[in-house]
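>>> sequence and predicted model, in that order:
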Amino acid sequence: MGQTQFGKGCHLHLIDGSAFIFRAYHALPPLTRKSDGLPIGAVSGFCNMLHRYVEGNTGPDAPTHVAVIFDHSGKSFRNDLYDLYKANRPPAPEDLRPQFPLTRDATRAFNIACKEIEGFEADDIIATLACQAREAGGRCTIISSDKDLMQLVGDGVEMLDAMKNKRIDRDGVHEKFGVGPERVVDVQALAGDSVDNVPGAPGIGIKTAALLINEFGSLEELLDRAEEIKQPKRRQTLIEKRDQIELSKQLVQLDCGMELDFTIDDLEVRDPEPDVLLEFLSQMEFRTLTKRLADQLGMEAPTIPEAAPQAAAGEVEAPEAPSFDQAEYTCVRDAATLQTWVDQIRERGWVAVDTETTGLDEMVVDLVGISLCVEAGKACYIPLTHKAGSDDLFGGEGLAEGQMPLDEALAILKPVLEDPAIIKIGQNMKYDAKIFIRYGVDVAPIDDTMLLSYALHGGLHGHGMDTLSERYLDHKPIPIKPLLGSGKSAITFDKVAIDDAVPYAAEDADITLRLWQLFKPQLHVQKVTTVYETLERPLVPVLAQMERHGIKVDRDVLSRMSNAFAQKMAGFEAELHEIAGTEFNVQSPAQVGQILFEDMGLEGGKKTKTGQWSTPADVLEDLATEHDFAARVLDYRQLQKLKSTYTDALQDHINPDTGRVHTSYVQTGANTGRMASSDPNLQNIPVRSEEGRRIREAFVPEEGNVLLSLDYSQIELRILAHMAGIDALKQAFAEGHDIHAMTASEMFDVPMSEMTPEIRRQAKAINFGVIYGISGFGLARNLRIPRKEAQNFIDRYFERFPGIRTYMDQTVEFAKEHGYVQTLFGRKIHTAEINAKGPRAGFAKRAAINAPIQGTAADVIRRAMVRMPDAIAHLPARMLLQVHDELLFEVPKDHVEETIATARKVMEGAADPAVHMDVKLVVDAGQGQNWAEAH
DNA sequence: AAATTCACG
DNA sequence: GACGTACGTGAATTTC
């Protein structure tokens, strides 16, 4: 060790430490150390990232030298140049500051060099080392996505965006800045940087800067010959602001020639010293990471003293649980052993359950085995229908040895699974419950770790088991891939050898139980018990019912439409080839773009970030008035969409046994509280276009029945009126006025009697825009009016309804302070990026404005759905589908009116009694012999 | 696997 | 006056 001189064949990794820290901090909930409450989340995340980084360093690309580079606290030499440098930066959050020194300790504990120098920024150290590496003929990879470092790229130096796992080379830099790495500083000097408070040249952004630099060759040349610039404003700026621009260049120019008190050779990769590393991790009380690294290093894990539990709010720490040990998992092969598990379950009153099946479609697949867990680390797997190995030529059909008969196992488990005094805990329990019900077992009551996480962490991350386990248990579950294989050679779970199935299946139940033990007490701490208990948990059996029931779809109707579409499309295709004078793929935007914007030489084409021509519908629509080619492409695309996504695909989703289509709702599908529908998605069946709407004619009731559609009228605008307290809007809703016409009248001073459809259309677009967190740009594009005009509309809107502006500002403020926004019913939607900088800030802001409105509407219909089964229990009616603000029912003809009245009452009263709405909710109803008629 | 496009509320 | 934008989804297809 430590003998090699850095040079050719060597590879230096430089990790931007601050980036790691901030990512770790924002990625994790605020963890604290059990024993003393020290905030520790960022250090925990930092350690996990370092650990993952070290583990990933194998193969030919592995570094020979590595260092983590940190910013030194306090001012840098750039503040001497310009005292406002980085003056916009908010100070680090209070609970992050004590963690900075600990991240240095962590780096040293992993035996990775850790460098920072007073008076300099990390970027300068990185620059100096990168230059030294280059001069020595070696490679250097800078692990960071900071654009300020892009000036260093080239000749063996590359960047690696660890977030996106994307390498950035010369081309990548050129893509970002429009110039090569050596001219990046020139562009930055002109464009400035609001984040670092680098002034630059006012009115010049990266695009313009790149243009100028490419034209004149360099910044110096540009400034010397500024008189030659044609645009008067630009010329004046460059001449007048010359000093400011030159200062900006000094600020962004990284120092490659720093004096360092160490050399690259000191950074050679070293193995960690096991006892040092474990000592640090155990001091931090990272139980699971300590244990895992101890196992990997073949060491005894140091014991971490148990501490008195601290009831600090927001505290989430892995429970004091044994580590995951596959040897502790048992395989249950007989009734007597299963009975011992049932006894343990009855003793405790709860059990984590997981099913293994032959596939993913709960309507079709068969049960293969069941896992149970009653105590962290103690789980079993009950194989039931595993097939015998296919080694012998005649095998593959018979059952494997050593399994209980399915009926016998279910007979023993059924009383437990249906016992109202025993909680059955699952991850995505709707799936398992739907399997069990097909075997005559009605699982209840249930708890669901996926839904617990959704209520606790909505908006922070996904809620799949792998995500939750890695995040909250610091344990990566056994992957299913190696067991099942992939692609054509993939097998189903019943073909997996029982010995291989046991650890995988039992672990899932183990993980589920541990997550439950961690999450359940948090509901109260985070004040989301009501959300979970009223909006999540009771919805599971309701959705399971709807999905199992499905909706009848007439295959012949779809099939005929598919044929008609195919014929028309062939005609359009021939016409397009004729116009283009060449055979090309109409379905390829790149080829369509090339014909329009190159061969035909039309203006207005834009390229996507991959450099292909972009041909979205709105661009083609603009061209369609003049060019048949564009019009035909639009025609073709519409039919292609309808055929492939609907008339063709929907037929494949008709269940052969039921003749119906069974969608699957993802209760945690949208961050706002909305659900998602998939396989197939029945929430985006066409309706807006006449041709598309006909697809709904294929959705039909059973003989003697009708389809009913009940939908909330303007629910989001009503909620906005209530939440923002806009009296004018409230009054309009109370009097049953046309809300868009009223808005138009108010804004444009047009009396209602003189309202035109065009004015009303514009007001409607503005009303929707408000819900989405309006911007001049967005409205301008939607209405196809000049941006300035759109901005005038918005200004006027806010003038007339000042409460809206206040509501928006307050919502964003709340999000910034708390990191989440809330619906009227208390659902929290976390807004992780709300304090981000740059364009992401705009996104996060608009999402934060929209979330309480969209989310409250989602909560309202959830409440209606939860109450609906009981409310219509006396009727022969079935609830089939939910489409965000619409519920679809199927009911015999002679019960239509009664069902409408009952369902409407439930829906209109759904907010009560939890919330009294100032604006009443109104539900419109329709009925018919298919969905098109009913809607 | 990512990008592009387009269907819905 | 510059940046890049409507909010939330799922699916099919092409392109890498």
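In hand now; what should we look at? Numbering: from 1, shown residues only, chains lettered A, B, ... in the order given.
>>> from here on, just use CA atoms for contacts and neighbour counts.
OK.
>>> where does whichever residue of chain A sits closest to DNA strand C sit: helix, strand or coil?
Nearest to DNA strand C, among the residues of chain A, is residue A:769, at 2.9 Å (Cα to the nearest atom of the strand). Of the three states, residue A:769 takes helix under DSSP: H, G, I helix; E, B strand; the rest coil.
>>> how about the strands in the stretch 551-700 of chain A?
Using DSSP state E, counting those that start in this stretch, the strands of the stretch 551-700 of chain A run over A:551-553, A:606-607, A:613-614, A:660-661, A:664-666, A:676-678, A:699-700.
>>> can you say which of those strands is nearest to residue A:294?
strand A:664-666 (38.7 Å; Cα to Cα).
>>> so what touches the closest one?
A:543, A:547, A:675-681 (Cα atoms under 8 Å, 6 or more residues apart in numbering).
>>> from those, list the ones also adjacent to DNA strand C.
Near DNA strand C, judged by Cα under 7 Å from any atom of the strand, the entries from those are A:676-681.
>>> give me the below-cutoff pLDDT ranges for the stretch 1-150 of chain A.
For the stretch 1-150 of chain A, applying pLDDT under 70 flags the ranges A:1-4, A:36-37, A:88, A:90-91, A:93-94.
>>> where along it do the strands fall?
Counting by DSSP E, counting those that start in this stretch, residue ranges of the strands within the stretch 1-150 of chain A are A:11-16, A:65-69, A:113-115, A:139-143.
>>> got the CA coordinates for the longest one in CSV?
Looking back up the chat, that one is strand A:11-16. What follows is strand A:11-16, C-alpha atoms only, in CSV (Å, rounded to 0.1, in the frame of the first residue of the first chain):
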residue,chain,number,x,y,z
HIS,A,11,-7.7,6.8,-11.7
LEU,A,12,-8.5,9.5,-9.1
HIS,A,13,-12.0,9.9,-7.7
LEU,A,14,-13.0,13.2,-6.2
ILE,A,15,-16.2,13.3,-4.3
ASP,A,16,-18.0,16.6,-3.7
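>>> list the helices and strands it packs on?
Applying 3 or more Cα pairs under 8 Å, 6 or more residues apart in numbering; DSSP states H and E, we find strand A:11-16 packed against strand A:65-69, helix A:122-135, strand A:139-143.
>>> try it again at 10 Å.
Helices and strands touching strand A:11-16, by 3 or more Cα pairs under 10 Å, 6 or more residues apart in numbering; DSSP states H and E, are strand A:65-69, helix A:122-135, strand A:139-143, strand A:157-161.
>>> measure how far the longest one is from the centre of its chain, please.
Right, helix A:122-135. Put simply, helix A:122-135 sits 36 Å off its chain's centre (Cα atoms, centre = their mean, to the nearest Å).
>>> ok, residue A:277 - contacts?
Contacts for residue A:277 were tallied using Cα atoms under 10 Å, 6 or more residues apart in numbering; they are A:105-111, A:283, A:290, A:293-294.
>>> send the alpha carbons of the strand or helix carrying it over as CSV?
Here residue A:277, judged by DSSP states H and E, is contained in helix A:274-283. Extracted as CSV, the C-alpha positions of helix A:274-283 are listed here (Å, rounded to 0.1, in the frame of the first residue of the first chain):
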residue,chain,number,x,y,z
PRO,A,274,-12.6,-2.7,10.6
ASP,A,275,-12.5,-1.7,14.3
VAL,A,276,-12.3,2.0,13.6
LEU,A,277,-15.2,1.9,11.2
LEU,A,278,-17.4,-0.3,13.5
GLU,A,279,-16.5,1.9,16.5
PHE,A,280,-17.7,5.0,14.6
LEU,A,281,-20.9,3.4,13.3
SER,A,282,-21.8,2.0,16.7
GLN,A,283,-21.2,5.4,18.4
